[in-house]
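*Asks:* Here's my sequence, what's the structure:
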Amino acid sequence: MKTSPYNLKIDEIIDRIPLSNVIKDASRKRHTYSPKIVLLTKDSTFLSSFESEYKLPLLRYSSPLDIVRSGLHLKPLIVIMSDSHAECSIDEFNQLLSLRSKDSFAILRIDLFQKKEIFKEIKESYNRVRDESAINAAIRYSISSTIRETQRLHPPPANRLENWQKRNQQEFQIARNRLSELVYKQLQKEPEKFLANEISKIKNKSNLNKN
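*Replies:* The predicted structure is shown next:
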């Protein structure tokens with residue numbers, strides 16, 4: 001039996017989204033997902049070293065929960081903290097961010113790294129959080145656009161609209177997870193596709209310098 005257009009299945013949603021378009025969109029916008037870096041420590045030595053050697057903007061907070069209250073957890077985020085804190089442990093804070101964060105995040109323990117190691121870890125985490133956030137945003141946008149376009153072209157009957165919306169919310173989550181698997185598998189095979197936009201910028205800059 002033919003599927004009604006307003007009763008789109010998860011596999012049909014995925015089939016309508018070219019992986020190459022998702023990857024291109026994420027690549028173009030990755031620079032807009034630069035994570036905030038938050039420092040939760042009173043170590044003055046670390047503070048002075050960080051500010052002199054690491055040039056990215058640094059935010060200071062005295063409490064993990066203040067980060068959540070400020071809304072920073074709703075954007076790409078890197079938190080640097082020690083193992084113990086009066087309000088919550090790193091594991092507890094990680095669980096809290098996992099439940100409430102929309103974008104990717106990383107929590108780094110200062111006491112596990114030497115000074116040079118923590119700087120390297122921050123840079124690696126910065127790139128990972130930025131790229132994951134751009135990819136996840138592109139995935140969400142692609143699925144939402146596909147569902148909206150389907151509804152626009154084939155609006156469900158009024159008596160089925162409420163059920164259609166509820167089912168869409170459930171299938172959105174499943175479709176997002178399924179599409180994420182496909183996109184990340186593709187990136188493992190061809191990582192250069194994600195970096196294509198940056199490579200193009202470098203080539204264009206190089207050509208301008210030659211002229």
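
*Asks:* For the one residue sitting closest to the centre of the chain, list the residues it contacts.
*Replies:* Nearest to the geometric centre of the chain sits Ser133, at 1.6 Å (C-alpha atoms, centre = their mean). Taking C-beta atoms under 8 Å, 6 or more residues apart in numbering as the criterion, Ser133 is in contact with 33, 35, 76, 103-104. C-beta: built from backbone N, CA, C; applies to glycine.

*Asks:* What strand or helix carries it?
*Replies:* Assigned by DSSP states H and E, Ser133 belongs to helix 115-153.

*Asks:* Report the buried residues of that helix.
*Replies:* Using 16 or more other C-beta atoms under 10 Å as the test for burial, helix 115-153 gives 118, 121-122, 125-126, 129-139, 142-143, 146-147, 150-151.

*Asks:* can you pull the pLDDT of Lys9?
*Replies:* Looking at Lys9, its pLDDT is 68.

*Asks:* Please read the previous query as pertaining to Leu153.
*Replies:* 73.

*Asks:* can you tell me how far it sits from Ile147?
*Replies:* Distance, Leu153 to Ile147, using C-beta to C-beta, to the nearest Å: 11 Å.

*Asks:* wait, isn't Leu182 in contact with Asp15?
*Replies:* No. The pair formed by Leu182 and Asp15 falls short of the contact definition of C-beta atoms under 8 Å, at 10.8 Å.

*Asks:* which residues of the protein score low on pLDDT?
*Replies:* 1-9, 41-56, 83-84, 112-115, 154, 156-168, 195-211 (pLDDT under 70).

*Asks:* Can you show me the helices along it?
*Replies:* Assigned by DSSP state H, the helices in the chain fall at 10-15, 19-29, 44-53, 64-70, 90-100, 115-153, 161-189, 196-210.

*Asks:* With distance to Arg109 added, can I get the ones you listed in CSV?
*Replies:* CSV is the format used below for those (distance: least, C-beta to C-beta, whole Å):
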stretch, distance to Arg109
helix 10-15, 38
helix 19-29, 29
helix 44-53, 12
helix 64-70, 13
helix 90-100, 6
helix 115-153, 9
helix 161-189, 26
helix 196-210, 30
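
*Asks:* per the record, what domains does the chain have?
*Replies:* What automatic domain parsing lists as the domains of the chain is 10-29+133-202, 34-130.

*Asks:* Pull the distance from stretch 137-156 to the chain's centre.
*Replies:* 20 Å (C-alpha atoms, centre = their mean, to the nearest Å).

*Asks:* can you tell me the distance between the two ends of stretch 23-35?
*Replies:* From its first residue to its last, stretch 23-35 covers 19 Å (C-alpha to C-alpha, to the nearest Å).

*Asks:* Give me the contacts around it.
*Replies:* So stretch 23-35 is in contact with 75-78, 103-106, 126, 129-131, 133-135, 137-138, 141-142, 183, 186-187, 193-198, going by C-beta under 8 Å, 6+ apart.
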